[in-house]
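Undergrad: show me the folded form of this:
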Amino acid sequence: MPYIPPEVVAKAREMDLLTYLKNYEPHELVHFGGNTYCTREHDSLKISNGKWCWFSRGIGGYSALDYLIKVKEIPFTEAVEMIMGRAAVSPPVFTPRPKEEKPKVLLLPKVDRCATHAVEYLHRRGIDYGLIEFCISTGRLYESTPYHNVVFVGMDSSGKARYANLRGIGSDFIGDANGSDKHYSFGIPAAAKSDRLHLFESAVDLLSYGTLLKLYGKDWRRDNLLSLAGVYRPKKEISESTLPAALVRYLDEYPHIRKVVLRLDNDLTGKLAAETIKTLLPRKYAVEVAVRLSPQGKDYNDCLCLKLGLPITKRKEKTRER
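TA: Residues are numbered from 1 along each chain as shown. As a prediction, the model looks like this:
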């Protein structure tokens with residue numbers, strides 16, 4: 001076996017995988033969202049913050065050398081020579097590691113002892129009492145004091161509150177609580193393991209869809225339900241856009257999901273968002289853009305209100321971005 005000096009091996013190990021792929025195999029690199037990338041050959045191999053992990057195989061590492069040996073199964077000496085040879089011909093431009101963000105501290109509004117106003121508000125919009133009670137009992141929904149807003153809470157997989165969206169009762173106020181992490185928007189996982197995820201623009205649309213399922217005699221907890229933390233507005237060029245942070249996080253935490261059903265608003269913004277998400281999601285996900293339940297109405301709450309004969313809530317155009 002050819003001898004390679006230790007200092008050459010150490011030099012080869014300095015190159016991280018993201019730098020290697022960007023410089024020498026850019027066709028193999030796929031931007032998954034935020035600071036996360038995957039490879040075209042292995043979409044379960046995620047690269048983020050200077051590290052990589054091949055989730056489907058349970059292996060990972062830091063350097064490009066680890067990747068070539070463990071994933072590409074290239075012999076050690078050949079892998080070192082490959083990295084050093086390419087670097088000699090075309091010196092790499094190193095990708096700086098993103099600065100680590102300080103953990104956000106979520107400041108939740110105070111809980112009102114009685115959620116009467118919130119329950120009445122949601123029921124006026126057609127939401128089923130059973131869904132409202134479920135959300136209250138699991139800490140996903142409450143009424144704040146002293147302003148009496150409806151508070152939709154987003155949680156991580158351990159049930160810890162990480163995000164809160166406030167919606168005014170009797171007003172157009174919409175806002176996020178201080179310290180909200182948009183990676184953890186309002187969602188309800190399936191009661192039993194499901195490989196399907198339904199994606200909505202707002203928490204009200206999510207609950208409206210669940211109510212419609214109950215009206216049709218179907219199990220509303222059968223699949224995973226997730227709303228976005230505001231309107232998702234992709235960039236002009238789809239190639240420059242990234243996936244919504246909440247969707248990226250959810251798919252990472254629930255790796256068994258294989259189908260994503262897009263149930264976004266029935267307007268130009270919603271259609272563009274759906275097309276962008278469908279284009280950017282890795283090939284391992286089957287993506288469906290849902291057919292509207294009603295030919296009328298902008299979103300699922302409009303569809304629900306039309307079905308129940310309730311007036312559609314007039315509100316200003318949503319302007320918050322995810």
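Undergrad: any idea how far residue 4 is from residue 10?
TA: The span separating residue 4 from residue 10 equals 10 Å under the rule Cβ to Cβ, to the nearest Å. Where you see a C-beta, it was placed from the backbone N, CA and C, and this is true even at glycine.
Undergrad: contacts only, for the most centrally placed residue in the chain.
TA: Relative to the mean C-alpha position of the chain, the nearest C-alpha, by Cα atoms, centre = their mean, is the one of residue 247, at 1.4 Å. With contacts defined as Cβ atoms under 8 Å, 6 or more residues apart in numbering, the neighbours of residue 247 are 33, 199, 226, 228, 260, 277.
Undergrad: the first one contacts residue 245, correct?
TA: Yes - between residue 33 and residue 245 a contact is recorded at 6.8 Å, counting by Cβ atoms under 8 Å.
Undergrad: what is the mean pLDDT for stretch 181-193?
TA: Model confidence over stretch 181-193 averages 95 on the pLDDT scale.
Undergrad: mind listing residues that contact that stretch?
TA: Counting by Cβ under 8 Å, 6+ apart, 104, 106, 134-135, 140, 152-156, 162-163, 165, 176, 196, 203, 206, 210, 219, 221-230, 245-246, 248-250, 254, 256, 322 sit against stretch 181-193.
Undergrad: bridged to residue 29, which residues?
TA: Using DSSP bridges, the bridge partners assigned to residue 29 are residue 39.
Undergrad: show me the contacts for it.
TA: With contacts taken as Cβ under 8 Å, 6+ apart, residue 29 has the following neighbours: 18, 21, 22, 37, 39, 40.
Undergrad: so what's the residue count around residue 243?
TA: Around residue 243 sit 23 other residues, with neighbours defined as other Cβ atoms under 10 Å.
Undergrad: for residue 164, that is, sorry about that
TA: Other residues lying near residue 164 total 27 when counted by other Cβ under 10 Å.
Undergrad: domain ranges for this structure?
TA: 6-89, 110-308 (automatic domain parsing).
Undergrad: surely residue 110 touches residue 147?
TA: No - here residue 110 lies out of contact with residue 147, judged by Cβ under 8 Å, at a distance of 9.6 Å.
Undergrad: who has more neighbours out of those two?
TA: residue 147 (14 against 11).
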